[in-house]
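Chemist: Structure, please.
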Amino acid sequence: MFSRSSRNPIQTETLATLIDSTVSIRGDVSFDKSARIDGSVKGNVVGSKTKGGTLIVGATAVIKGNVTCHSVVVLGRVEGDIESSQLEIRSGATLLGDIFYDVIEIHQGSSINGRMVRKSDPQGTPQATPPGATSPTESSTENGPMRG
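Modeler: Reported below is the predicted structural model:
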């Protein structure tokens, strides 16, 4: 899990969307391909869950909301949960929230305050339910959630 493996690095060469450091957004942001956020977002950020979906949270970025995307690289600050298949947390990054991942790389000098939950084991068997999803053992009733 924490060793350097032969996995493919997250592709950051081409970006379809750039939110500059001078931009502040109140509301949810969604994109299909790739995006880099250097400004601030007060809302959820949702990218594609397919292999081409990449989000870069720049060093000057502040996101106050949940982040969902196939590949995420964090250099700035995220105050909310992150769900990602490939997650890279670089030096200087600050995360305040739970992390749901398949593959994670954490650089020395980053800060994480929240749970780190692997979404599936190496064979692909689901291990955790990401935020906003209903687990197979939980369903809603009028009296609240029912656990099996």
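
Chemist: residue ranges with poor pLDDT in this protein?
Modeler: Residue ranges of the chain with pLDDT under 70: 1-13, 121-148.

Chemist: List the contacts of the residue sitting nearest the centre point of the chain.
Modeler: Nearest residue to the geometric centre of the chain (CA atoms, centre = their mean): Ile82, 3.2 Å. Each residue near Ile82 by CB atoms under 8 Å, 6 or more residues apart in numbering is listed here: 66-68, 72, 74, 95, 97-101. Bear in mind the C-beta positions are built from the backbone N, C-alpha and C, glycine included.

Chemist: give me that answer again for 7 Å
Modeler: Ile82 makes contact with 67, 72, 95, 97, 99-100, according to CB atoms under 7 Å, 6 or more residues apart in numbering.

Chemist: so what's Lys51 closest to, chain neighbours aside?
Modeler: His70 (6.0 Å; CB to CB, 6 or more residues apart in numbering).

Chemist: any idea how far the one you found lies from Ser111?
Modeler: Per CB to CB, to the nearest Å, His70 is found 24 Å from Ser111.

Chemist: do the same with Ile99
Modeler: Taken as CB to CB, the span from Ile99 to Ser111 is 12 Å.

Chemist: neighbour-wise, which of these two wins?
Modeler: Ile99 (25 against 12; other CB atoms under 10 Å).

Chemist: That one contacts Met116, correct?
Modeler: Yes: using CB atoms under 7 Å, Ile99 is in contact with Met116, at 4.9 Å.

Chemist: picking that back up, touching, the residue nearest to Lys51 and Lys49? I think so.
Modeler: Yes: here His70 reaches Lys49: they are 5.2 Å apart, a contact under CB under 7 Å.

Chemist: These two: who's more crowded?
Modeler: His70 (21 against 13).

Chemist: Look at Gly58 and say how many residues are nearby.
Modeler: 18.

Chemist: quick one: contacts for it?
Modeler: Applying CB under 7 Å, 6+ apart, the residues contacting Gly58 are 36-38, 75-76.
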